[in-house]
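Asker: Need the 3D shape of this:
(chains A, B, C and D)
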Number of protein chains: 2
Amino acid sequence: MQASRRATIIDVAREAGVSIKTVSRVFNDAPNVSAKMRQRVQEAANSLHYHPNIVAQGLVGRRSYLLGLFYENPSPNYVVELQRGAVERLQGERYRLIVLPVEKASAIADNILAYVRSAALDGIVLTPPASDNPVILERLSEAGFPFVRVAPTTAPDAGPRHVTDDAAAAREMTEYLIALGHRRIAVIKGDPSHPSTEARMRGFREAMAARDIEVAEALVEQGMFQFDSGQRAAQRLLERPDRPTAIFAQNDDMAAGAIMAAHDLGLKVSEDISVAGFDDSAIARMVWPRITTIHQPVFDMARAATDTLVAMLEDAPHEDAVEHPFSLVTRQSTGPVPGTS
Amino acid sequence: MQASRRATIIDVAREAGVSIKTVSRVFNDAPNVSAKMRQRVQEAANSLHYHPNIVAQGLVGRRSYLLGLFYENPSPNYVVELQRGAVERLQGERYRLIVLPVEKASAIADNILAYVRSAALDGIVLTPPASDNPVILERLSEAGFPFVRVAPTTAPDAGPRHVTDDAAAAREMTEYLIALGHRRIAVIKGDPSHPSTEARMRGFREAMAARDIEVAEALVEQGMFQFDSGQRAAQRLLERPDRPTAIFAQNDDMAAGAIMAAHDLGLKVSEDISVAGFDDSAIARMVWPRITTIHQPVFDMARAATDTLVAMLEDAPHEDAVEHPFSLVTRQSTGPVPGTS
DNA sequence: CAGATATTGTCTTGCGCAGGACAATTTACA
DNA sequence: TGTAAATTGTCCTGCGCAAGACAATATCTG
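Answerer: Modelled structure (predicted):
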């Protein structure tokens, strides 16, 4: 099935009664084009519904104007924010966004170049955990393939990056929980292949150490950043005889899972058990009680990262590292430690 | 910034010591190519990391191998399912998926052709409410631009479509609520610009009429398919003196909002008030109590719709209309009417 | 081994556009 | 009005690949 024939630059030239070269000059913002001519060409183009064939432009310019957004299925909310940010930046640009969801980033790390080349991408936005994958970074770097990293936590010099300070954020959340009187604080860690998992853990330990509170290693559970994993981990924690008074989940999906586990066990969240999350994704305001969390500017990071990538492709100046601010958002899932008033 | 030069078909021909034509024949599965030759070319291509330049192929074939997924910001869960389905179908294909989120589909309906042409798309998957937008359908049809419709509820002959029977599903849910003893059933409608909103409403009314139960129009609230709108609508409903005993929200996000409203008012969901949703999106299992809902095969529809689109583009046979089954999923957000045992 | 068939090669064109080199024409300015 | 500067036009090449026409070999069959 074929769409009807598109107008070409030749048609526009004929319609406007000017040379092809002139049409080309108008569409490429060449200098020394009179306003009159510009208008005439524009009108002819409009009447023919002409748009430059971006494929042909790509062939000439050895570029496709296609950017890839590479991600491994984390929570839907995170993905949607990433996409919103990237797409917003590309509004009105020639660049278009291709989505590249993968099951496991590490599984295709070796073939990352084949992956981006066969899709004819100009550049790629890497999100966690791909943004920390040494093989991916190495392959792309040595091939000189343009990329930007969103929220990496390791290898600071491996490429332009947009980050938040995961450790500091986790520290702040932990301090908040401590201030509420909590001492037996459990942690549900995220996917171990995401280095941010370790960064958040580090922040937690630092805050605990600063107050001379011992971390009960038995209360550190492994999760996978997904709802179910958080629910299961919380269930194990809450069934312990020495139940923690607070659970710090490393993202909101797992925190929501923890809240679900508490409900299922008949525990009152906030009164019997405090639950904190991380990310401030949409789910944090959709469960009851609403989740105390760290607001991460995922949208902003994605938009800024895309901006950096475009700048790189256009040989424009760009920042090499941008740190985006986080903030603690207190809601109703956390409260003072039980037994106090 | 430029990536390092890619190998071309010429390089492969030289490396393999064969003609360019032969390389071309191998990569395009031409007949009459010996296995020996095929292998020699493959090896040369591998050693050079050669991939056919899809942009050049596109120029020759007057196609871009780019498909668009067009959607208006409904719930993140719905979007993610759509994308998963579409991407899954394109695994291993030359086609790539471009995401086209828009604020309001109706706002760009007039320019839909400019939209798809400037992005050089080969075809487009329309999702609600765009899949029902008469202007969009008209423009695309008269231009002969390939598209598929996901879950439209109107204009059955306006193009290939993958649907579920919204009315029947709503009927089944309503019957279920009636069977639980509910009579005062409120409805939170979805975005009025989505025709599925009316289809679901129709199913509701039919089920009520079949049991001779009068629909209390005061209990029909307008929502927008989003969490907040559901929460606000439910708040209004629950503060009425003649509170309904059940709320049927037309999607899960709004149902989750309704549950939130109930929590905030200190009402026990299922015991004091039943809440039903629609879609069976991820959120339905993430709030407490878990939401009784209609399972819609969004993933399957998106995958099948993409399959149809590809078939259209390849001039292969394809179905013109496929109906995908729904199913009632009972969870804990619904229960017998209060006051009974 | 001759003729038929299968395979590989040569040559050419064109997809739609960008942009260099330079000539022709128009416009601006003194 | 004359000359310089600005604008528009002509001509041409090439981006990487597909595919048609057809010639040159290679392989198979009886």
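Asker: Just the element for the spatially most central residue of chain A, please.
Answerer: Among the residues of chain A, the one closest to the centroid is A:Leu82, at 4.4 Å (C-alpha atoms, centre = their mean). Using DSSP states H and E, A:Leu82 sits in helix A:76-90.
Asker: Can the following helix or strand past that helix be said to contact chain B?
Answerer: Under the assignment DSSP H and E, the closest C-terminal helix or strand after helix A:76-90 is strand A:96-102. Yes: residues of strand A:96-102 contacting chain B under C-beta under 8 Å from any C-beta of the partner chain: A:Arg96, A:Leu97, A:Ile98, A:Val99, A:Pro101. C-beta coordinates here come from the backbone N, C-alpha and C atoms, glycine included.
Asker: Quick check: which of these are also close to DNA strand C?
Answerer: Among these, proximity to DNA strand C is found for none (C-beta under 7 Å from any atom of the strand).
Asker: Just the buried ones out of those residues, please.
Answerer: Buried residues within the residues of strand A:96-102 next to chain B, counting neighbours by 16 or more other C-beta atoms under 10 Å in any protein chain shown: A:Arg96, A:Leu97, A:Ile98, A:Val99, A:Pro101.
Asker: tell me which parts of chain A are close to DNA strand C?
Answerer: For chain A, the residues in contact with DNA strand C (C-beta under 7 Å from any atom of the strand) are A:5-6, A:8-10, A:20-21, A:24, A:27-28, A:50, A:52-53, A:56-57, A:59-61.
Asker: switch to 6 Å and redo it
Answerer: A:Thr8, A:Ile9, A:Lys21, A:Ser24, A:Phe27, A:Asn28, A:Pro52, A:Asn53, A:Ala56, A:Gln57, A:Leu59, A:Val60 (C-beta under 6 Å from any atom of the strand).
Asker: what's around the second one, how many residues?
Answerer: The local packing of A:Ile9 (other C-beta atoms under 10 Å in any protein chain shown) involves 18 other residues.
Asker: What residue, apart from its backbone neighbours, is nearest it spatially?
Answerer: Of all residues not flanking A:Ile9 in the chain, A:Val23 sits nearest, at 5.3 Å (C-beta to C-beta, 6 or more residues apart in numbering or on different chains).
Asker: The helix or strand harbouring that neighbour near DNA strand D anywhere?
Answerer: Per DSSP H and E, A:Val23 falls inside helix A:20-27. Yes: contact of helix A:20-27 with DNA strand D (C-beta under 6 Å from any atom of the strand) involves A:Lys21, A:Thr22.
Asker: what residues does that helix touch?
Answerer: Helix A:20-27 is contacted from outside by A:9-10, A:12-13, A:16, A:30, A:32-33, A:37-38, A:41-42, A:44-45, A:52, using C-beta atoms under 8 Å, 6 or more residues apart in numbering or on different chains.
Asker: next SSE after that helix?
Answerer: Past helix A:20-27, the next helix or strand by DSSP H and E is helix A:35-47.
Asker: would you put the C-alpha positions of that following helix in CSV?
Answerer: Taking C-alpha atoms only, helix A:35-47 is exported to CSV below (Å, rounded to 0.1, in the frame of the first residue of the first chain):
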residue,chain,number,x,y,z
ALA,A,35,11.8,38.4,1.7
LYS,A,36,9.7,38.5,-1.4
MET,A,37,11.2,35.3,-2.7
ARG,A,38,11.0,33.6,0.6
GLN,A,39,7.3,34.3,0.8
ARG,A,40,6.6,33.2,-2.7
VAL,A,41,8.3,29.9,-2.1
GLN,A,42,6.5,29.5,1.2
GLU,A,43,3.2,30.0,-0.4
ALA,A,44,3.9,27.5,-3.2
ALA,A,45,5.0,25.0,-0.6
ASN,A,46,1.9,25.5,1.5
SER,A,47,-0.4,25.1,-1.4
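Asker: What are the buried residues along whichever helix or strand comes after that helix?
Answerer: As assigned by DSSP H and E, the chain's next helix or strand after helix A:35-47 is helix A:54-61. Neighbour-count burial for helix A:54-61 flags A:Ile54, A:Val55, A:Ala56, A:Gln57, A:Gly58, A:Leu59 (criterion: 16+ other C-beta under 10 Å).
Asker: Now do helix A:54-61: which elements does it pack against?
Answerer: Counting contacts by 3 or more C-beta pairs under 8 Å, 6 or more residues apart in numbering or on different chains; DSSP states H and E, helix A:54-61 is packed against helix B:54-61.
Asker: still on that earlier bit, does chain B sit close to the helix holding A:Leu82?
Answerer: Yes: legend: contact between helix A:76-90 and chain B by C-beta under 8 Å from any C-beta is shown at A:Pro76, A:Asn77, A:Val79, A:Val80, A:Gln83, A:Arg84, A:Val87.
Asker: ok, so of these, who is nearest A:Ala130?
Answerer: Lowest distance from A:Ala130 to these (C-beta to C-beta) belongs to A:Val79, with 13.0 Å.
Asker: Number of residues surrounding the closest one?
Answerer: Neighbour tally, A:Val79, other C-beta under 10 Å: 24.
Asker: Name all residues that make contact with it.
Answerer: A:Tyr71, A:Asn73, A:Pro101, B:Pro76, B:Val80.
Asker: Quick one: buried ones out of these?
Answerer: Burial by neighbour count, judged by 16+ other C-beta under 10 Å, picks out A:Tyr71, A:Pro101, B:Pro76, B:Val80 from the contacts of A:Val79.
Asker: Lowest-confidence entry in these?
Answerer: Lowest pLDDT among these: B:Pro76, with 79.
Asker: In space, what's closest to it - neighbours in sequence excluded?
Answerer: A:Val80 (4.0 Å).
Asker: Next, the contact list for that neighbour, please.
Answerer: Counting by C-beta under 8 Å, 6+ apart, A:Val80 makes contact with A:Ala282, B:Pro76, B:Val79, B:Val80.
Asker: how close does the last one sit to DNA strand C?
Answerer: So that's B:Val80. Separation of B:Val80 from DNA strand C (C-beta to the nearest atom of the strand, to the nearest Å) stands at 35 Å.
Asker: try A:Asn133
Answerer: Plainly put, A:Asn133 is 35 Å away from DNA strand C if you go by C-beta to the nearest atom of the strand.
Asker: Who are the contact partners of that residue?
Answerer: Shown in contact with A:Asn133 (C-beta under 8 Å, 6+ apart): A:Ala105, A:Ser106, A:Ala109, A:Leu126.
Asker: which secondary structure element contains the spatially closest residue to A:Arg184 that is not a sequence neighbour?
Answerer: Leaving aside its chain neighbours, A:Arg184 sits nearest to A:Pro244 (4.5 Å; criterion: C-beta to C-beta, 6+ apart). Using DSSP H and E, A:Pro244 is not contained in any helix or strand.
Asker: Quick check, A:Pro244 in contact with A:Arg183.
Answerer: No: look at A:Pro244 against A:Arg183 with C-beta atoms under 8 Å: they stay out of range, at 9.2 Å.
Asker: quick one, which of those two is more surrounded?
Answerer: Ranked by neighbour count (other C-beta under 10 Å), A:Pro244 and A:Arg183 place A:Pro244 first, with 22 against 15.
Asker: Just the residues contacting the helix or strand that contains A:Met173, thanks.
Answerer: For A:Met173, the host element (DSSP H and E) is helix A:166-179. For helix A:166-179, contacts defined as C-beta under 8 Å, 6+ apart pick out A:151, A:153, A:185, A:196, A:199-204, A:206-208, A:210-211, A:213, A:246, A:248, A:250, A:274, A:276, A:278, A:292, A:294, A:296, A:326, A:328, A:330, A:334.
Asker: rerun at 7 Å
Answerer: Here helix A:166-179 makes contact (C-beta atoms under 7 Å, 6 or more residues apart in numbering or on different chains) with A:153, A:185, A:196, A:199-200, A:202-204, A:206-208, A:211, A:213, A:246, A:248, A:274, A:276, A:294, A:326, A:328, A:334.
Asker: neighbours of the closest residue to A:Ala199 other than its chain neighbours, just the number please.
Answerer: Closest residue to A:Ala199 apart from its sequence neighbours, by C-beta to C-beta, 6+ apart: A:Asp166 at 3.8 Å. Neighbour count of A:Asp166, defined by other C-beta under 10 Å: 26.
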